[in-house]
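1. sequence and predicted structure are below.
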Amino acid sequence: MSNYQSSLSGDFAMSNGHASHKTSTVVDMPKNNLPFVDTMQTNNTSKKSSENSDNNGDENEERGNWGNKMDFILSSVGFAVGLGNVWRFPYLCYKNGGGAFLVPYVIMLFAAGLPMFVIELGFGQFVSKGCVGVWDLAPLFKGLGWAMVIISGMVVIYYNMIIAYIFFYFFASFNKVVPWSTCGNEWNTEFCEVSTKSNSTLIYNTSESNATVTTVTRPAEEFWLNYALGRSEGLHDMGTIRWQLLLCLLLAWIVVFLCLIKGIKSVGKVVYFTATFPYIVLFILLIRGLTLPGAMNGIYFYIVPRFDQLGNPTVWKDAAVQVFYSLGPAWGSLHTLASYNKFHNNFHRDGITVGLINCGTSVFAGFVIFAVIGFMSHDSGMPIEDVAAGGSGLAFVAYPEAIARMPGSVFWALLFFFMLLTLGLDSMFVTLETVVTAIVDELKPWYPNIYDKKTHITGISCVIFFILGWPMTTNGGFYMLTLMDEYSAGFSLILVAMAEALIISYVYGVDRYMRDMMVMLKFKMNIYWKICWMGISPGIIFFVFIFFGVGYKGLTLDDYKYPPWAEFLGWGMVIAALLPVPGYMIYFLYYKAHGTTWKERFFYSLEATDSWGPALNKHRAEANYPLLPDETKAGIASNGFNKLSSVDEQWQPPPKMMSNGTTSPGYAALANGDYEMRNGDYNNINDSYHKKEPVVSEHDSVTLSRDMPLSCNSESSI
């Protein structure tokens, strides 16, 4: 839809290939000389200013930018590399063919993960807006941006509860011995037993013929279920608030707020520690793990390929889901991170770098985890397949139990849980900033000074989310957390991602997108990206969605099966996230779109708004976008003219030829040897140009009149 010619009579047109609504624009300015902007000079000036801007403060002074390039890269790494890299990927790799799992994982990374990662970084950086503002590219679909905000909002509620659990374990580790290493504590039952080689034949909570045969339980499991969670019988029995968890949740939100108190300026400094410290700890834990007996057996189970598993479609689904959820497209966070970049930052390089770091971290973490799991299997006499676990079972049961068997277990426990804290907080910072940035950006037109109040909005958001998280601090809270984890960012996230890829490729236009990116990068992205965006990436996402739908089963947690009303609540979360999409469509078509018929309104809503494009006029001139009228006070008019000091001179067109014999940047050379003015002077509709005639009104203003046809070859001005 990038070159759609509207059937509306004068309602809107495409300006230089970019949407420009056709309401008459009047810019107050004196009668004076108004030569066109020298785009060649603007490009050179902008490039120089970009090169110097790293050391000269913010490029976008009102909204702010990252302090330097490393702030952005480390924040992106911190967001992408999270808890799932440590507690989910190693288990998936072991379960789905060991080293053979890397084959579908790498394929999914380059076919779907990286293309979606890069496309979101590009758009966020191009327009300097969060996940809602970027959808000015096609306002009919702006509800997708609000869907991203709602998804991120639901995720931060339960994600910070996981961080609260980690805080709980971290504080519990300050003992002479870690409390989950022994039985005989107040939370232990008579079935508690520390497994050793001598009693390795004992049965641990197995189920036979739908009847649970309870023999013995491990102390780490009882500490998690009975003491940390105080878990009830089900979601129907929420019980009372556990004050220990409530205080840990409060602490988690205080830490998040303090780190976000100055927005990206404070986060950009915190991530120098939180994004790098996990790698130091992982390396230390790997060295320690390799010195333990049985470590190589664990690593063997992790990496030895079982290629017969590649014929199982579940393996490919798990690979796609892991890549997709780890890199984080469709959450809105990537738009937000990139929106604070300087305009000419090389997001292409950064996106590939972060994606490869994320992939490498997952593989590396697997060696760390399975080295210790192998030791635990050796020490307890239990098979590795009975010891290995994923998710919370790994983080709060299996790995802590392995640590408890090490000499100096308190030190290793503190190190491990502090590493989990830094991994989780990074992702938490960015996800909450996504919500706050979207709110602030959308309130900007009504409250011009809203950026000055961003700290207050962040604080209010933290308080609201903290209160919403209270139910998860109760005895039945973990059932609620599992429900939210399953439904809040599952089906809805996949649908949003698929819609995003298709809209950018076929409504906005993938060629137009690549031209926009070329302005920032100064080089053209290769065809690999185009092929992925137009077919491969949305196709893979569609495959995952179908697999989810066909393979859907009722939610369970251990032996507990969620009742129908609980699943209905979960689907309510899915609907709540997706509801803004049709809701905003109806709102925009009914109240905002121009046109006398619904068809005209519909096509109007597929075109970008007047404000779509780079945030600063110097960059809009580079990209050949109409300049923003709010910068006319600075000497630049919205139609691409400069204002001069002399009020007595009448407007004259710029010279066709420059002193060096080349065509003036304000002109396009025609096939017949003549020249025609360009940049702010033409609207491009289906490869034809229409000249805008600047008219000096009696009110000393320049009015951009309706277009008058003028035949011209479109190739000449590209």
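-> Structure received.
2. could you pull out the strands in the protein for me?
-> Here the chain has its strands, by DSSP state E, at 12-15, 18-21, 25-28, 206-208, 211-213, 556-557, 560-561, 667-669, 675-677, 682-685, 688-691, 694-696, 701-704, 708-710.
3. any low-confidence regions in the stretch 151-300 of the chain?
-> Along the stretch 151-300 of the chain, the model assigns pLDDT under 70 to residues 196-215.
4. which stretches of it form helices?
-> 219-222, 243-259, 264-274, 277-290, 295-303 (DSSP state H, counting those that start in this stretch).
5. M376 versus D558, what's the distance?
-> 20 Å (CB to CB, to the nearest Å). For every residue, glycine as well, the C-beta is placed using N, CA and C.
6. and those two? which has more neighbours close in?
-> Neighbour comparison, D558 and M376: the larger count goes to M376, with 25 against 11 (by other CB atoms under 10 Å).
7. distance-wise, check that one relative to V177.
-> Distance from M376 to V177, by CB to CB: 17 Å.
8. ok, and the closest non-adjacent residue to T217?
-> Distances taken as CB to CB, 6 or more residues apart in numbering put F191 closest to T217, at 5.0 Å, once the chain neighbours are dropped.
9. quick check: end-to-end length of stretch 333-344?
-> With CA to CA, to the nearest Å as the measure, the first residue of stretch 333-344 is 20 Å from its last.
10. also stretch 604-624?
-> 21 Å.
11. what does the average pLDDT come to for it?
-> Averaged across stretch 604-624, pLDDT comes to 92.
12. run a quick neighbour tally on the residue nearest to T217.
-> 14.
13. Y105 and S362, how far apart?
-> For Y105 relative to S362 (CB to CB), the value is 8 Å.
14. hmm, I was thinking of I531
-> From I531 to S362 the distance is 25 Å (CB to CB).
15. who has more neighbours, those two?
-> S362 (24 against 14).
16. and the helices in the stretch 401-550 of the chain?
-> Counting by DSSP H, counting those that start in this stretch, the helices of the stretch 401-550 of the chain are 409-443, 454-468, 477-487, 491-502, 510-521, 527-531, 537-550.
17. in TSV, list the ones you listed along with distance to K95.
-> Formatted as TSV, the helices of the stretch 401-550 of the chain follow (distance: least, CB to CB, whole Å):
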stretch	distance to K95
helix 409-443	22
helix 454-468	33
helix 477-487	18
helix 491-502	21
helix 510-521	37
helix 527-531	31
helix 537-550	16
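18. weakest of these by average pLDDT?
-> Across the helices of the stretch 401-550 of the chain, helix 537-550 gives the lowest mean pLDDT, at a mean of 89.
19. how far off helix 491-502 does that one point, in degrees?
-> For helix 537-550 and helix 491-502, the angle between their directions (axes from the mean of the first three to the mean of the last three CA atoms, to 10 degrees) works out to 160 degrees.
20. give the buried residues for helix 537-550.
-> S537, P538, I540, I541, F542, V544, F545, F547 (16 or more other CB atoms under 10 Å).
21. same check on stretch 436-444?
-> V436, T437, A438, I439, V440, D441, E442, K444.
22. wouldn't the third one be in contact with C131 here?
-> Meaning A438. Yes - with contact defined as CB atoms under 8 Å, A438 reaches C131; the gap is 5.6 Å.
23. show me the common contact partners of the two, please.
-> Common neighbours of A438 and C131, using CB atoms under 8 Å, 6 or more residues apart in numbering, are G145, M148, V149, G332, T336.
24. out of those, which are buried?
-> By 16+ other CB under 10 Å, the shared contacts of A438 and C131 give G145, M148, V149, G332, T336 as buried.
25. from the residues you listed, pick the one nearest R242.
-> The closest of the buried ones among the shared contacts of A438 and C131 to R242 turns out to be V149 (CB to CB; 30.2 Å).
26. in space, what's closest to the closest one - neighbours in sequence excluded?
-> Nearest residue to V149, sequence neighbours excluded (CB to CB, 6+ apart): A438, at 4.8 Å.
27. any idea how far the nearest residue to S75 once chain neighbours are set aside is from C259?
-> Nearest non-adjacent residue to S75, counting by CB to CB, 6+ apart: V271, 5.0 Å away. From V271 across to C259, the span is 9 Å (CB to CB).
28. appreciated, that's everything.
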